[in-house]
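1. quick check, what structure comes out for this input:
(3 chains, ligands or ions: 2)
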Amino acid sequence: LVNILERKSEARNPFYRVVALDDTTTDPAAWGKNFPFQYDGYRRTVDQVRTRHGGSEAVPRTPSQADPRSIVAQSKLEEDPRLKAMWAGYAFSRDFREERGHAYMLDDQTFTERQLVVQQPGTCLQCHASVYAPMWALGNGDLVKGFEALNRLPYAEARKLVTHPVACLDCHAPDTLQLRVTRPAFLEGLRGLKAAEGVKDYDVNRDATRQEMRAFVCGQCHVEYYFKGPDKRLVYPWSRGLKVDQILAYYDAEQFRDWTHKDTGAPALKAQHPEFELWSQGIHARSGVACADCHMPYTRVGAQKISDHHVRSPLLNVNRACQSCHRWSEDELKARVLTIQQRTYELRNRAMDALMALITDLKAAVAAGRPDAELASAREFQRKAQFYLDFVEAENSTGFHAPQEAARILGESIDFTRQGQLALRDRRPR
Amino acid sequence: LVNILERKSEARNPFYRVVALDDTTTDPAAWGKNFPFQYDGYRRTVDQVRTRHGGSEAVPRTPSQADPRSIVAQSKLEEDPRLKAMWAGYAFSRDFREERGHAYMLDDQTFTERQLVVQQPGTCLQCHASVYAPMWALGNGDLVKGFEALNRLPYAEARKLVTHPVACLDCHAPDTLQLRVTRPAFLEGLRGLKAAEGVKDYDVNRDATRQEMRAFVCGQCHVEYYFKGPDKRLVYPWSRGLKVDQILAYYDAEQFRDWTHKDTGAPALKAQHPEFELWSQGIHARSGVACADCHMPYTRVGAQKISDHHVRSPLLNVNRACQSCHRWSEDELKARVLTIQQRTYELRNRAMDALMALITDLKAAVAAGRPDAELASAREFQRKAQFYLDFVEAENSTGFHAPQEAARILGESIDFTRQGQLALRDRRPR
Amino acid sequence: MTAGPARAAVALAVAMGLALGIGAYTFVYARGGSYLTDDPAACANCHVMREQLDGWTAGSHRAVAVCNDCHTPPGLIGKYTTKALNGFWHSFAFTSGRFHEPIRISARNHGVTETACRHCHAAVVASIDAGRHGAARLTCTGCHASVGHLQ
Ligand SMILES: [Ca+2]
Ligand SMILES: [Ca+2]
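-> Ligands and ions are numbered 1, 2, ... in the order given. This next block holds a predicted model:
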């Protein structure tokens, strides 16, 4: 009976506005007063459950002065030591873990051992903290100015300005609750992309449809990026397009390298979580299916439906995430995902073995003191092959977001690697 | 008005049985008396319309004594001369054309220049003519005996026993019109496959569901095959499974080769139209979507729905072939297919270029008189790489039947090719 | 498909007396009048509606909504204008045999249906569908394509 009354009242007015919210209300708990169900979900992102290729495993550790975390996610470097060889000389070879729920983003960034290897800029925080209010403050009223100021600060200083992981106001307007993009890097990245497609000064918050926004809010962070120039500006390399080929072409034109490979001297690039880019090449994106449809499916609460703010692997929530569109059983849907992921994973391993062979050859050639001229071509191939492989490796759906494209990319990576090995042999002094 | 009256009457009585049919009634015209709509469609397979990667182009030629055809399909050897190098020393390097409608199957086989290069057995006819009645006759009442007898005959003699391309009774029981499998090679092939899956003496015509039959009737011919032993028995290499890896493993175990590559001496294999095998690895097969659903979609004739017997590219009939399941517009559906095919085609070209490089290297090594021991490994890699590439090249959907699997196969083909090139260099006498 | 201009053109022809002739003939003979009832079976007087009837019978709404609950707007006027429009055009299409197959819902009628969803499920969707200024509406059928007709 209580139940029914409850439902009725809820039905009559879905939102109780008990507290006023504005663009300075960073604390999700405050928003939670008005939207308790979304807040509950949001907080559940602390859960750690592993799927075959996703989710995350809760690994206990003894907290230390430097790193107070008592639980972390499993180390990918331990799962596959070949990654260390691929990233030799770069911070990722020191510490790289499976990603976990949003609740951990700020801590995991603050305490990753990668911080011990390099001095990082404030830019890092763009995707690991609620920086919206801080940016306004820093830029006193000018978001972009605040963005630039934050980027320029050393990480340690910038870190003092933030307290929360991604929060409500990073995705929502406080008055209408409409979705909005709050990250200048995404605004600029998408404007560049649209310009390339012939659309002049595109403004996401003005021109995007609601369904597009359900992917764009995620695209603010789940993308490939780099820090441009001495100002460490956060830039998304999309001005030629979202395909791996177009992104590499961009970096080549910029003559950008993330680091020089320690063992081979190759001008290497590190691809990072290009979920948005790979998704854009898949059949779901083409069908207008957004990130939120699968990662934040509607869920029944009392008499209403709300978006499940427990952002996580859809494989942990198949009935809501998939079955409204696909009538197959949960087991069948999981099996379909696994088939796609397994194919991707096996080809990824083949590409990884090939890369190891090239790195070994190049390393030997360097040790043998062969002149750079003889190694240039092989190094160029390593740069390409490695970026292509990493593009799929770093993408977190293990190919699901665009199965054929992922396999295509790995196939080309293999071709580049092997050609690099051939270049070394054919350039051998006769 | 006629239109509407017609419909009402049709609704009442779908078809009239004017002539009696039995297992000796090969002539489709006779069946056509009872089933005029299906017969009309069947006859329309003479149409030649080209799609980007499929259909076929009507190329005029001057009939000759040896080859009376005044129209053929475009030559694939001319479209891509690299195919000649891949098949050097094999009949396919002489004549290989785009396939066209069922109406042409008998003529195209009879008059292909491949017949001038090798003496073919009667086995060829299994998939190019209505051999059901002739097999019964030859085996006087024993289908398998008739099958074996037909296989043993020289092509020229066997050819005299047939008059029609695939006909009604090759797919249908004359009394019930139910689908049935009439080719012993498929019965045996599938029994072997099921046995590998742990199912004992499987009998297609007894155990298959109706939906399965809608793919099996096609699987009688649209499959990879070889002629086993001196009796030229038609065998489908499925006893280990339908994946390219499993089929190659079968041939390796049998120590089978189609021919020895003229320029490189590699023990080569020729893959042929593995539509059934590739389809089996795709999402449509997994969803229970059969060949007939897309290539013979239901179409309304007045009040009845019949299967469109004008078997052809679904891209020429998208509304019936696809829109019954997909709500997208015709243009959008075509664009989706093209995206998949283009990705496949580009990777196929990359694999083809790689293969040409290996063949060039091996050819040179042979010319340089390097000992077989040094070439063995490279030749083995050519065999593998070439079979994998040909498996996608010979498959006629340009990857659509299983997009990710097709890309996976091409990726591995590239790896094999390049490793072959490396083997040649590393085995070089120091 | 059922493009505006195309319809306009046909409309002209129809206006030229044809309407009374064929139009009326069809409407009676093909039971275009079925559009005026609420009985689902009536819709299927046209065999081309059979698929949807079957789909509806297999669907989750069989017990809770008839064709017209989803395919006509609430309110008598709206209801009967829509019925008249569809009844006439569909009768005409049926007679002339000129329509896209498989049959696809028109933008206008899709709008009618989407409104119907919200009409019955106002409570359920209140929070996801509530007053978003400017933002385009959700499309219920994007996720629930087969509620009306199990596809
Ligand atoms: Ca994870
Ligand atoms: Ca063809």
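2. okay, now residue 102: neighbour count?
-> Using chain A. 20 (other C-beta atoms under 10 Å in any protein chain shown). Where you see a C-beta, it was placed from the backbone N, CA and C, and this is true even at glycine.
3. look at chain C instead
-> By other C-beta under 10 Å, neighbour count at residue C:102 equals 16.
4. SS state for it?
-> What DSSP: H, G, I helix; E, B strand; the rest coil gives for residue C:102 is coil.
5. any bit of stretch A:206-215 sitting next to chain C?
-> Yes: judged by C-beta under 8 Å from any C-beta of the partner chain, stretch A:206-215 and chain C are in contact via A:209, A:210, A:211, A:213.
6. list the contacts for the closest residue to the last one other than its chain neighbours?
-> It stands for residue A:213. Once flanking residues are discounted, residue A:213 sits nearest to residue A:179: 4.1 Å by C-beta to C-beta, 6 or more residues apart in numbering or on different chains. Residue A:179 sits next to A:171, A:172, A:173, A:210, A:213, A:214, A:216, A:217 when contact means C-beta atoms under 8 Å, 6 or more residues apart in numbering or on different chains.
7. hmm, try it at 7 Å
-> A:171, A:172, A:213, A:214, A:217 (C-beta atoms under 7 Å, 6 or more residues apart in numbering or on different chains).
8. ok, back up a step: which one (most neighbours) among the residues of stretch A:206-215 next to chain C?
-> Neighbour counts for those, by other C-beta under 10 Å, peak at residue A:213, which reaches 22 neighbours.
9. residue A:203: neighbour count?
-> 12.
10. need phi/psi at it.
-> Dihedral angles of residue A:203 (phi, psi; degrees, to the nearest 10) stand at phi -120, psi 110.
11. looking at stretch A:106-126 now, give me its mean pLDDT.
-> When pLDDT is averaged along stretch A:106-126, the result is 96.
12. what do you get for stretch A:130-147?
-> 97.
13. now do the buried residues in that stretch.
-> For stretch A:130-147, burial by neighbour count (16 or more other C-beta atoms under 10 Å in any protein chain shown) applies to A:130, A:131, A:132, A:133, A:134, A:135, A:136, A:138, A:139, A:143, A:146, A:147.
14. over to stretch A:172-192?
-> A:172-174, A:177-192.
15. where does pLDDT dip in chain C?
-> C:1-36, C:130-136 (pLDDT under 70).
16. geometric centre of the chain: which residue is closest?
-> You didn't say which chain, so I picked chain A. residue A:222 (3.0 Å; C-alpha atoms, centre = their mean).
17. could you do chain C instead?
-> Short answer for chain C (C-alpha atoms, centre = their mean): residue C:71, at 4.5 Å.
18. thinking it is in contact with residue C:109, fair?
-> Yes: assessed by C-beta atoms under 7 Å, residue C:71 is found in contact with residue C:109 at 6.3 Å.
19. and the lengthiest helix in chain C, what does it pack against?
-> For chain C, the longest helix by residue count, based on DSSP state H, is helix C:107-129. Under the contact definition 3 or more C-beta pairs under 7 Å, 6 or more residues apart in numbering or on different chains; DSSP states H and E, helix C:107-129 sits against strand A:304-307, helix C:67-71.
20. just to revisit the earlier point, got phi/psi on the residue nearest to residue A:213?
-> Main-chain dihedrals, residue A:179, degrees, to the nearest 10: phi -70, psi 150.
21. ok, now which ones touch the closest residue to residue A:224 other than its chain neighbours?
-> Nearest residue to residue A:224, sequence neighbours excluded (C-beta to C-beta, 6+ apart): residue A:274, at 4.3 Å. Contacts for residue A:274 were tallied using C-beta under 7 Å, 6+ apart; they are A:223, A:224, A:391, A:394, A:395.
22. what's the burial count for the residue of chain C found nearest ligand 2?
-> Taking C-beta to the ion, ligand 2 has its nearest neighbour within chain C at residue C:101, 25.5 Å off. Using other C-beta under 10 Å, residue C:101 is surrounded by 13 other residues.
23. then the one 10 residues further on?
-> With neighbours defined by other C-beta under 10 Å, the count for residue C:111 comes to 13.
24. residue C:138 versus that one, what's the distance?
-> For residue C:111, the distance to residue C:138 (C-beta to C-beta, to the nearest Å) stands at 13 Å.
25. which one among the contacts of residue A:179 gets closest to chain B?
-> Of all the contacts of residue A:179, residue A:214 has the smallest distance to chain B: 19.8 Å, by C-beta to the nearest C-beta.
26. rewinding a little: CA atoms of the longest helix of chain C as PDB?
-> Output of helix C:107-129 as PDB, limited to C-alpha atoms (Å, rounded to 0.1, in the frame of the first residue of the first chain):
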ATOM      1  CA  ALA C 107       6.400  10.500 -40.200                       C
ATOM      2  CA  ARG C 108       3.000  11.900 -39.400                       C
ATOM      3  CA  ASN C 109       1.600   8.600 -38.100                       C
ATOM      4  CA  HIS C 110       4.800   7.900 -36.200                       C
ATOM      5  CA  GLY C 111       4.300  11.100 -34.400                       C
ATOM      6  CA  VAL C 112       0.800  10.100 -33.600                       C
ATOM      7  CA  THR C 113       2.100   6.800 -32.200                       C
ATOM      8  CA  GLU C 114       4.900   8.400 -30.100                       C
ATOM      9  CA  THR C 115       2.300  10.700 -28.600                       C
ATOM     10  CA  ALA C 116       0.200   7.600 -27.800                       C
ATOM     11  CA  CYS C 117       3.100   6.000 -25.900                       C
ATOM     12  CA  ARG C 118       3.500   9.100 -23.800                       C
ATOM     13  CA  HIS C 119      -0.300   9.300 -23.200                       C
ATOM     14  CA  CYS C 120      -0.300   6.000 -21.500                       C
ATOM     15  CA  HIS C 121       3.100   6.000 -20.000                       C
ATOM     16  CA  ALA C 122       3.300   9.600 -18.800                       C
ATOM     17  CA  ALA C 123       4.200   8.500 -15.300                       C
ATOM     18  CA  VAL C 124       6.900   6.100 -16.300                       C
ATOM     19  CA  VAL C 125       8.600   8.500 -18.600                       C
ATOM     20  CA  ALA C 126       8.000  11.700 -16.700                       C
ATOM     21  CA  SER C 127      11.600  12.000 -15.500                       C
ATOM     22  CA  ILE C 128      13.300  11.000 -18.700                       C
ATOM     23  CA  ASP C 129      11.000  13.000 -21.000                       C
END
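27. distance from the chain centre to the next helix or strand after that helix, please.
-> On the C-terminal side of helix C:107-129, the nearest following helix or strand under DSSP states H and E is helix C:140-144. The chain centroid and the centroid of helix C:140-144 are separated by 17 Å under C-alpha atoms, centre = their mean, to the nearest Å.
28. and for stretch C:65-77?
-> On C-alpha atoms, centre = their mean, the centre of stretch C:65-77 falls 9 Å from that of its chain.
29. for stretch C:94-103, same thing?
-> 14 Å.
30. do that stretch and chain B meet at all?
-> Yes: applying C-beta under 7 Å from any C-beta of the partner chain, one finds stretch C:94-103 touching chain B at C:95, C:97, C:100, C:101, C:102.
31. so the last one makes contact with residue B:326?
-> No: applying C-beta under 7 Å as the test, residue C:102 and residue B:326 come out as separate, 10.1 Å apart.
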